[in-house]
Structures are given as structure tokens and as C-alpha cells.
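Chemist: have a look at this fold, sequence not included:
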């Protein structure tokens, strides 16, 4: 077995959700979740089949994001995974709906941070072992940072 690191290339201003799924209708079902979640959001999903034709299947409403999802999925080369990019929406708006999609087995991460995916390669294929999502902590928040965090959440409308 070999362990590899795959650098995800997220388009400027986009968020990414990386997950595991198990059936060819994943791309269309995730499209429907996104289309119904946030009006006007741009998005694309790429699903990597692990049997049959073993193709990367894509759906979306933005060509740049479709191409980015396809390219990242091909670079990962891990069967039964999906790469979802979005602009004008945030993962918090869709994560519960994505988790409720019948084919979705799990979510590895949802982020706008730099992302590395740790991939194991065996004789059978490749699989995601985990992710490195962003940078390590530089310390712990103090009272000033607590106030900033709480203010930010209220500015975004997530808290009263």
C-alpha cells in the first residue's frame, strides 16, 4: 500500500464538500439538493464511480465549477467519492440535506480552506484515509477573539 497526498484545487471564492457515496444517481440527487437549497447559488458535483464504467459523473449549473469538480475528482481517483463546489452558498446551508441523500455514506469535510486529501493506494484502487483541512492552530482564543467570533456569527445572521 502507498500513501499519497492530493492537493485539492478550489476555485476562487468557492466552498468544497468532499464525501463518500455509493450509487450512480449521486450526481443528480446532489444537484437537486443544491438547486433547492439556496436560490441563485452556483454549484457543481463530480461523482467517481467504483464499478461498471468507472467514470466521473458531473452535474451542475456553472461550467467553471463543473470543470473544477471533474478535475479534482480525477486527481483524487478514489471510487465512490464526490466533490461538490459551491459559490453563493455555504456548506452550513446544505450539509444536513446532503447527509440525508440516500446514497451519501459520509462527509469528509466542508471547507473553503486549503485542503489536502490523504489517499491510500492498493492493488484494488484508491481510498480516502482522511483530510488536512487548513492550517494548525496558532493558539487559543482569548476574550477579545470570543467577542469577535460572536459578533461575526451575528453579522452573518446565524445568531440573534
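Modeler: Perfect, thanks for sending it. Keep in mind that what you see is a predicted model, and the values were worked out from it rather than measured. Numbering: from 1, shown residues only.
Chemist: alpha carbons only for contacts and neighbour counts from here, please
Modeler: Fine.
Chemist: ok, now which ones touch the most centrally placed residue in the chain?
Modeler: The residue lying closest to the centre of the chain (C-alpha atoms, centre = their mean) is residue 17, at 1.3 Å. Listed by C-alpha atoms under 8 Å, 6 or more residues apart in numbering, the contact set of residue 17 reads 83, 84, 85, 91, 107, 108, 109, 110, 111.
Chemist: dihedrals phi and psi, the residue of the chain positioned farthest from its centre?
Modeler: No residue in the chain sits farther from the centre than residue 143, which is 32.2 Å out by C-alpha atoms, centre = their mean. Per-residue torsions, residue 143: phi -60, psi -40 (degrees, to the nearest 10).
Chemist: what helices or strands is the host helix or strand of residue 92 leaning on?
Modeler: Using DSSP states H and E, residue 92 sits in helix 91-99. Helix 91-99 sits against strand 15-21, helix 26-37, strand 104-111, with contacts defined as 3 or more C-alpha pairs under 8 Å, 6 or more residues apart in numbering; DSSP states H and E.
Chemist: deepest of these, which one?
Modeler: With neighbours defined as mean count of other C-alpha atoms under 10 Å, those peak in mean count at strand 15-21, which reaches a mean of 22.
Chemist: quick check: angle from that one to helix 91-99?
Modeler: Orientation of strand 15-21 against helix 91-99 (axes from the mean of the first three to the mean of the last three C-alpha atoms, to 10 degrees) gives an angle of 10 degrees.
Chemist: so can I have a markdown table of the helices and strands packed on helix 91-99 showing distance to residue 122 and mean pLDDT?
Modeler: As requested, these are exported to a markdown table (distance: least, C-alpha to C-alpha, whole Å; pLDDT from 0 to 100):
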| stretch | distance to residue 122 | mean pLDDT |
| --- | --- | --- |
| strand 15-21 | 18 | 99 |
| helix 26-37 | 25 | 96 |
| strand 104-111 | 20 | 98 |
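Chemist: rewinding a little: report the distance from the helix holding residue 92 to the chain centre.
Modeler: For helix 91-99, the gap between its own C-alpha mean and the chain's C-alpha mean amounts to 11 Å (C-alpha atoms, centre = their mean, to the nearest Å).
Chemist: going by neighbour count, list what's buried in it.
Modeler: Of all the residues in helix 91-99, those buried under the rule 16 or more other C-alpha atoms under 10 Å are 91, 94, 98.
Chemist: ok, the residues you listed vs residue 29, which is closest?
Modeler: Using C-alpha to C-alpha, residue 98 comes nearest to residue 29 of the buried residues of helix 91-99, at 8.9 Å.
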